[in-house]
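J.: What follows is a predicted structure for the sequence shown.
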Amino acid sequence: MSEPRGSEGTTTLPELEKPTDAPAPEAPGPGGGRRFWSARRVPAAVVAALLFVVAGAFLYDVVAVRAGRSALTWRRELAGQLAERPLDDTWVLVGAGVTAALGLWLVVLAVTPGLRDVLPMRRTHPDVRAGLHRGAVALVLRDRAMEVAGVQSVKVRAGRRRADVRALAHFRDLDDVRADLDGVLHEAVEGLGLVRPPALTLRVRRPGRKG
């Protein structure tokens, strides 16, 4: 009888121990729920271009006068109009109103963040901020809704605080489809990782008859 062979020639693989306590994600840091600030490139470029043109025109005319030339006609007429017209003149009031509206618009742009289409996401690291575009939110919700049995088509409109979902069901009971959609969509919204998940508005109906 042959003796049983030992464990010679075999290699014992080291066992990998799984960590017992996985590190929990960090809580959102300060300002994690704030919107992203826009660079305001277009308004800044427009204002800078206007100021450059106006300042350049006045500077050129002043230098020309200092050089012994006569002032430009438009500046003489502007100075005369400003000196002769009373404060309650229509054109003076219109110009003042336009200037005040422009200044108020610039102030609003300076103190508001902008980027309304980017929704802030929860922070998992204090040095990293992430955002999700509202179009991407609508696309994710639409794809998840199309996975539900009985759904023919879905239209999703995602806002900053609300997501409007309209679905057409071509078979199955509407209550069953609505219940499945409600569960799937709420799970999808929670999985997006947004700081303020949008509230869902769900509408399910049958497709209209053709002809």
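T.: Received it, and whenever you're ready, just let me know what you need. Remember, predicted model here, so these are calculated numbers, not experimental data. Residues are numbered from 1 along each chain as shown.
J.: Excluding residues flanking it in the chain, which one is nearest residue 197?
T.: Of all residues not flanking residue 197 in the chain, residue 189 sits nearest, at 4.8 Å (Cβ to Cβ, 6 or more residues apart in numbering). C-betas here are computed from N, CA, C, even on glycine.
J.: looking at this, that neighbour is in a helix?
T.: Yes: under the criterion used here (DSSP: H, G, I helix; E, B strand; the rest coil), residue 189 sits inside a helix.
J.: ok, it - contacts?
T.: Residue 189 is in contact with 141, 163, 197, 198, 200, counting by Cβ atoms under 8 Å, 6 or more residues apart in numbering.
J.: what about it, distance to residue 200?
T.: From residue 189 across to residue 200, the span is 7 Å (Cβ to Cβ, to the nearest Å).
J.: returning to that earlier point: closest one of the contacts of residue 189 to residue 84?
T.: residue 198 (58.3 Å; Cβ to Cβ).
J.: Contact partners for that closest one?
T.: Going by Cβ under 8 Å, 6+ apart, residue 198 touches 119, 137, 158, 159, 160, 161, 162, 163, 189.
J.: just so I have it, where are all the strands in this protein?
T.: Taking DSSP state E as the test, the strands found in the chain are 118-120, 131-133, 151-158, 162-169, 199-205.
J.: the helices in the chain, which residues?
T.: 41-66, 73-84, 90-111, 134-146, 174-191 (DSSP state H).
J.: quick one, which of those is packed in tightest?
T.: Burial of the helices of the chain is given as mean neighbour count (mean count of other Cβ atoms under 10 Å); helix 134-146 ranks first at a mean of 17.
J.: same for it, what does it pack against?
T.: Under the contact definition 3 or more Cβ pairs under 8 Å, 6 or more residues apart in numbering; DSSP states H and E, helix 134-146 sits against strand 118-120, strand 151-158, strand 162-169, helix 174-191.
J.: which one of those lies closest to residue 81?
T.: Minimum separation from residue 81 across these (Cβ to Cβ) falls at strand 118-120, 46.6 Å.
J.: and that closest one, which residues are buried?
T.: Using 16 or more other Cβ atoms under 10 Å as the test for burial, strand 118-120 gives 118, 119, 120.
J.: what does stretch 158-169 give?
T.: Buried residues in stretch 158-169 (16+ other Cβ under 10 Å): 158, 159, 163, 164, 165, 167, 168, 169.
J.: quick one: contacts for the residue nearest to residue 188 when sequence neighbours are not counted?
T.: Spatial nearest neighbour of residue 188, excluding adjacent residues (Cβ to Cβ, 6+ apart): residue 144 at 4.3 Å. Counting by Cβ under 8 Å, 6+ apart, residue 144 touches 184, 185, 187, 188.
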